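Enquirer: got a predicted structure here, sequence first:
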Amino acid sequence: MRKALFALSALSLAAALVSCGESSTSASEDPISSSSEAIGTVSSGSEVLLSSAATEITSSASTEVSSASVESSASTSTPLAVSPDEDGFYAIADIYKAAPATSKIAFIIRHAEREDSLGQLSNLTEVGVEQAKALGATLASEETFYYGSTDYVRTRATAEYIAEGRGEVATVDTLDEILDGNYFIAVPSDSFDAYTSTHGGSWTFISRWAYNDTVANPTVNANLKQAYATYFYDLFERKDQFVSENIVANIPNWKRVSFLITHDVLVASLIIAVSNRTIDLQFFASRRWANYLSGIAVVVDEEGGVLVYPVRGADVGYMYP
């Protein structure tokens, strides 16, 4: 079985975007509007083939992966004895239990279910509280975890309730730069929101970019490609940068296991990149999006080898908003 295996060099921490927002598309609204016709309809050739396992990435793999930040598979890291579900996600508890005691693990996940509002003070729903506690209960052990989040009520609360579910009291550090929700977006958030509001909504536009969606009309397709280049960084290069600079470079400062709670735009992009587009979060076509408590796990062994897995803390890794 193929695993999501990455051997990355530990680079120095670079400054990330300062904005820490979440997709402006509410889970309760339909972001598909008639204006989506401005960038065309989905072609059959853009369909992503799904597999039950993640993809092994080496220096000779897809040309879309940056050889500057992804080293060859000379790493001695051994894939964990875990299996993905039929959608390609690994259960967080399985990763935790399978990782050697000498390895460090960072789970970078979306917060639990939130209230309808998107503001910084938006809290978890009662369901969200129970989701976070239930995840924590699957991770019960004697060791204490490290917790970090963005400076949002819902992300901090998710960390606190995961800890409560484990039977510990969390001290949650604010890590806005490391966990920036707009990490993959290359323009200010107001410019991005203005564009996506007239082009089908943010989830539609983000998922089209992440899967490199193309259309039959050459003029529309050229405009679409230009929009991708304008509003986003390169998916795979930015993923490599996030893992190496934001996580691997900082993981020595954290405890053996860390929970880092952030927002949907960041984790959706990471999941798609880490799975090499084999996981279906094609909101523009399938209507699937990153579920609450889904994200990635970065496992660093004692020799510095790095394994990265798409993970879920709920029963499924995707949602139908």
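Expert: Received it, and whenever you're ready, just let me know what you need.
Enquirer: count of neighbours near residue 188?
Expert: Using other Cβ atoms under 10 Å, residue 188 has 12 other residues around it. For every residue, glycine as well, the C-beta is placed using N, CA and C.
Enquirer: so that it lines up with my notes, have the first residue be 4 from now on.
Expert: Will do, 4 is the new start, and the previous item becomes residue 191.
Enquirer: distance of it relative to residue 116?
Expert: From residue 191 across to residue 116, the span is 28 Å (Cβ to Cβ, to the nearest Å).
Enquirer: so what's residue 130 up against?
Expert: 115-116 (Cβ atoms under 8 Å, 6 or more residues apart in numbering).
Enquirer: remind me which helix or strand the most centrally placed residue in the chain belongs to.
Expert: In the chain, the centroid-proximal residue (Cα atoms, centre = their mean) is residue 270; its distance is 1.9 Å. Assessed by DSSP states H and E, residue 270 sits inside helix 267-277.
Enquirer: residues in contact with that helix?
Expert: Contact with helix 267-277 is made by 7, 9, 24-26, 57, 111-113, 182-188, 205, 209-210, 213-214, 238-239, 241-242, 245, 282, 284, 292-293, 297-299, 311-313, 320, as judged by Cβ under 8 Å, 6+ apart.
Enquirer: check which element follows that helix along the chain.
Expert: As assigned by DSSP H and E, the chain's next helix or strand after helix 267-277 is strand 292-293.
Enquirer: so for the helix holding residue 270, mean pLDDT?
Expert: The predicted model gives helix 267-277 an average pLDDT of 98.
Enquirer: convert the C-alpha atoms of that helix to CSV, please.
Expert: Taking C-alpha atoms only, helix 267-277 is exported to CSV below (Å, rounded to 0.1, in the frame of the first residue of the first chain):
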residue,chain,number,x,y,z
ASP,A,267,-10.8,25.3,6.7
VAL,A,268,-9.0,27.1,3.9
LEU,A,269,-5.6,26.1,5.2
VAL,A,270,-6.4,22.5,6.0
ALA,A,271,-8.4,21.9,2.8
SER,A,272,-5.4,23.0,0.8
LEU,A,273,-3.0,20.9,2.9
ILE,A,274,-5.2,17.8,2.6
ILE,A,275,-5.4,18.1,-1.2
ALA,A,276,-1.7,18.7,-1.6
VAL,A,277,-0.6,16.0,0.9
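Enquirer: pull out the buried residues from that helix.
Expert: The neighbour-count check on helix 267-277 (16 or more other Cβ atoms under 10 Å) flags 267-277 as buried.
Enquirer: can you show me the helices along the stretch 104-253 of the chain?
Expert: Listed in chain order, the helices of the stretch 104-253 of the chain (DSSP state H, counting those that start in this stretch) span 129-140, 156-169, 192-199, 205-213, 221-234, 238-244.
Enquirer: the first one versus helix 156-169: what angle between them?
Expert: Direction vectors for helix 129-140 and helix 156-169, defined by axes from the mean of the first three to the mean of the last three Cα atoms, to 10 degrees, enclose an angle of 40 degrees.
Enquirer: mean confidence score for helix 129-140?
Expert: On average, helix 129-140 scores 98.
Enquirer: the last one too?
Expert: Helix 238-244 shows a mean pLDDT of 98.
Enquirer: how about the fourth one?
Expert: Helix 205-213 shows a mean pLDDT of 97.
Enquirer: other SSEs contacting it?
Expert: Counting by 3 or more Cβ pairs under 8 Å, 6 or more residues apart in numbering; DSSP states H and E, the packing neighbours recorded for helix 205-213 are helix 192-199, helix 221-234, helix 267-277.
Enquirer: possible to save those helices as CSV with distance to residue 97?
Expert: Listed next are the helices and strands packed on helix 205-213 as CSV, based on distance: least, Cβ to Cβ, whole Å:
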stretch, distance to residue 97
helix 192-199, 35
helix 221-234, 34
helix 267-277, 16
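Enquirer: quick one: which of those helices is nearest residue 138?
Expert: In terms of Cβ to Cβ, the element of those nearest to residue 138 is helix 267-277, at 14.5 Å.
Enquirer: what angle sits between that closest one and helix 192-199?
Expert: Interaxial angle, helix 267-277 versus helix 192-199 (the same axes, to 10 degrees): 70 degrees.
Enquirer: related to what we said a few turns ago, what about the closest residue to the residue nearest to the centre of the chain other than its chain neighbours, which helix or strand?
Expert: Excluding its sequence neighbours, the residue lying closest to residue 270 (Cβ to Cβ, 6 or more residues apart in numbering) is residue 298, at 4.1 Å. Per DSSP H and E: residue 298 is located in strand 297-303.
Enquirer: CA atoms only for the helix or strand that that strand is followed by, dumped as PDB, please.
Expert: Sequence order places strand 309-315 as the next helix or strand after strand 297-303, per DSSP H and E. C-alpha atoms of strand 309-315 as PDB (Å, rounded to 0.1, in the frame of the first residue of the first chain):
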ATOM      1  CA  VAL A 309       9.200  13.300   8.100                       C
ATOM      2  CA  LEU A 310       5.900  11.500   7.300                       C
ATOM      3  CA  VAL A 311       2.800  13.400   6.400                       C
ATOM      4  CA  TYR A 312      -0.700  12.000   6.400                       C
ATOM      5  CA  PRO A 313      -4.200  13.500   5.700                       C
ATOM      6  CA  VAL A 314      -6.200  12.900   8.800                       C
ATOM      7  CA  ARG A 315      -9.700  13.100  10.300                       C
END
